[in-house]
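*Asks:* Let me see the structure of the following:
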Amino acid sequence: MRLTHRPTARPTRSRAAAVRAGIAILLGVTAATLASAAPASAAPGTAAAPVIRFSPDWSTTVEGAIVANAPVLIDFDPARLPACRAQYAGGDAWSIGVEYRIDGGAVQRRPVTELNSNRRQVKVLASLALGAGTQELELWFVSGDRAGCREYDSQYGANYRFAVAS
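*Replies:* Numbers count the residues shown, from 1 in each chain. Just a heads-up that it's a prediction; the model follows:
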């Protein structure tokens, strides 16, 4: 579902406070990405993590079996959410994340883009850990920028749902 939301009033805070908050968010996103990253290829003798791909042509494919007590990788193409692309001081001031629930539990979030050394957002794989006994993975994507724009890819509000094998 593609929705673009722009707030009617901007929050009031100093430019310095906004920059500090943005840096803190970016550092947190980078740390979360590094902590949650999983290698795309498995070590010899082990199975590779399954990958759920969300392509720019709006197709969704699953490579491998999604099983409980193992990670699943999310490969989301940023071209699916093109509207929220604010710039600030010559760099990208937007990001895209996957929000997900396991068996209808609490909403969790992982980034699917991150800033590179040139201050441009680039695609990254998100690794989602599925616990023992997991039966369903539900996810959707949210793009946002510094100007308050929000855009969603949620299969028209139904969210993407994947059965998890035991």
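*Asks:* make it CA atoms for all contacts and neighbour counts henceforth
*Replies:* Will do.
*Asks:* so where do the strands sit in the chain?
*Replies:* Applying DSSP state E to the chain gives strands spanning 51-54, 60-63, 71-76, 87-88, 91-92, 94-102, 108-111, 113-115, 121-123, 126-129, 136-145, 150-153, 160-163.
*Asks:* what mean pLDDT would you report for the longest one?
*Replies:* Per-region confidence: strand 136-145 scores 98 on mean pLDDT.
*Asks:* Strand partners (parallel or antiparallel) of it?
*Replies:* Note on strand 136-145: by DSSP bridges, its sheet partners are strand 94-102 (antiparallel), strand 150-153 (antiparallel), strand 160-163 (antiparallel).
*Asks:* And the first one, by the same measure?
*Replies:* Here the strand partners of strand 51-54, with direction, are listed using DSSP bridges: strand 60-63 (antiparallel), strand 71-76 (parallel).
*Asks:* Now do the same for the last one: mean pLDDT, whole number.
*Replies:* Okay, so that is strand 71-76. Regarding strand 71-76, the rounded mean pLDDT is 98.
*Asks:* Below-threshold pLDDT in the protein: ranges please.
*Replies:* For the chain, the stretches with pLDDT under 70 are 1-47.
*Asks:* ok, 50 please
*Replies:* For the chain, applying pLDDT under 50 flags the ranges 1-21, 23-43.
*Asks:* Let's have the strands of the chain in TSV, adding mean neighbour count.
*Replies:* Formatted as TSV, the strands of the chain follow (neighbours: other CA atoms under 10 Å):
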stretch	mean neighbour count
strand 51-54	19
strand 60-63	13
strand 71-76	23
strand 87-88	14
strand 91-92	16
strand 94-102	21
strand 108-111	19
strand 113-115	22
strand 121-123	17
strand 126-129	22
strand 136-145	21
strand 150-153	22
strand 160-163	15
